[in-house]
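next input, structure requested:
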Amino acid sequence: MDIDVLKLRESFKEPYEIISTSDGKTLFLREWPPSETSSTAILIFHGITAYSAPYQMIGEALSKIGYAVYGLDLRGHGLSEGIRGDYPSKERLIKDLGETISFLKEKHANLIILGHSLGVLTALIASNFYLDQINGLILLSAARTARPGIYKKISILKKLKILFSSIIKPEKPVISYYREGMTGLENPLFNFNYTLRFMKIFSATKLRFPEQLNIPTILGVGENDEIFTVDSARSLFDEIPSDNKKFIILPGAKHAEFPESSWKELITWLISNFKLKM
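Numbers count the residues shown, from 1 in each chain. A predicted model of the protein is given here:
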């Protein structure tokens, strides 16, 4: 389905910012502002298929206790420009993240990155290149290995078709992303088709931490996560090269569904590490 991103962005009535990238594209940065100016900002990186809007609940919850919260629509997602479901290169992704981080650091002294699912990969890419500008990491719904059978295997013939099409036209989305229980199926701003080069950039095998994480880091998983078990998430947590880290299980939460009560321990961790009072 074709969507007019510019028209939708111009009609958007809630707070937002625009990032003008060095290659002339526009990235959309949704904003949940606190009642008073905050020195600490939280930048949310969304999961696959999604964009910033579905993070309204956590965005509002964190802004109400004093944090400035932003949600970035990745290039080709939500209200950002770009071919839907595509990223031209990992180098361009790195630049987009750096330009977004620099934009927010001009406004706020402290920046916390919150990555959810695919956004955990985004957060780790950012931390590998811009760690000196990041003050904390929140990693949600992530592990190296998924539950058996959660994704259907692609036939060899299908793989060959994807490869051939991607050689001829690398910017064409040729991979359909689907699993049982997915949300957003009726929302045109969700993506369900991706290019091969996008999927190569965002590969779970490339979950790589900086050699040393000298910032507060928390990794959480929903107790009812459909994709990752608590044990697999804890195994990823054990890899985090930091003495200042915490593992939490979000009560009642699924992979991408979080009841309001599930944020309690995360909020407590935030306040204890970043000095805001409830």
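
stretch 234-254: how far from the chain's middle?
Counting by C-alpha atoms, centre = their mean, to the nearest Å, stretch 234-254 is centred 17 Å from the centre of its parent chain.

scratch that, stretch 167-175
23 Å.

so which bits of that stretch are buried?
The neighbour-count criterion (16 or more other C-beta atoms under 10 Å) identifies 173-175 as the buried residues of stretch 167-175. Just so you know, the C-beta spots here come from the backbone N, C-alpha and C atoms, and that holds for glycine as well.

okay, how far is it across that stretch, tip to tip?
End-to-end span of stretch 167-175 (C-alpha to C-alpha, to the nearest Å): 14 Å.

residue numbering should commence at 45 henceforth.
Renumbered: residue one is now 45, and that last one reads stretch 211-219.

give me the mean pLDDT for that stretch.
Stretch 211-219 shows a mean pLDDT of 92.

before we move on, what about stretch 158-178?
What stretch 158-178 shows for mean pLDDT is 97.

got the buried residues of stretch 211-219 as TSV, with distance to Val265 and secondary structure columns?
As requested, these are exported to TSV (distance: C-beta to C-beta, whole Å; DSSP: H, G, I helix; E, B strand; the rest coil):
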residue	distance to Val265	secondary structure
Pro217	29	coil
Val218	31	coil
Ile219	25	strand
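
distance to Gln100 added to those, as CSV?
CSV is the format used below for the buried residues of stretch 211-219 (distance: C-beta to C-beta, whole Å):
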residue, distance to Gln100
Pro217, 26
Val218, 31
Ile219, 28
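
of those residues, closest to Glu270?
Ile219 (20.3 Å; C-beta to C-beta).

got a list of what the nearest residue to that closest one once chain neighbours are set aside touches?
Among residues not flanking Ile219 along the chain, Tyr238 sits closest, at 4.8 Å (C-beta to C-beta, 6 or more residues apart in numbering). If you count contacts by C-beta atoms under 8 Å, 6 or more residues apart in numbering, Tyr238 has them with 92, 129-130, 217-219, 221.

would you turn those residues into CSV with distance to His121?
Listed next are those as CSV, based on distance: C-beta to C-beta, whole Å:
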residue, distance to His121
Ile92, 9
Gly129, 8
Asp130, 10
Pro217, 12
Val218, 17
Ile219, 15
Tyr221, 12
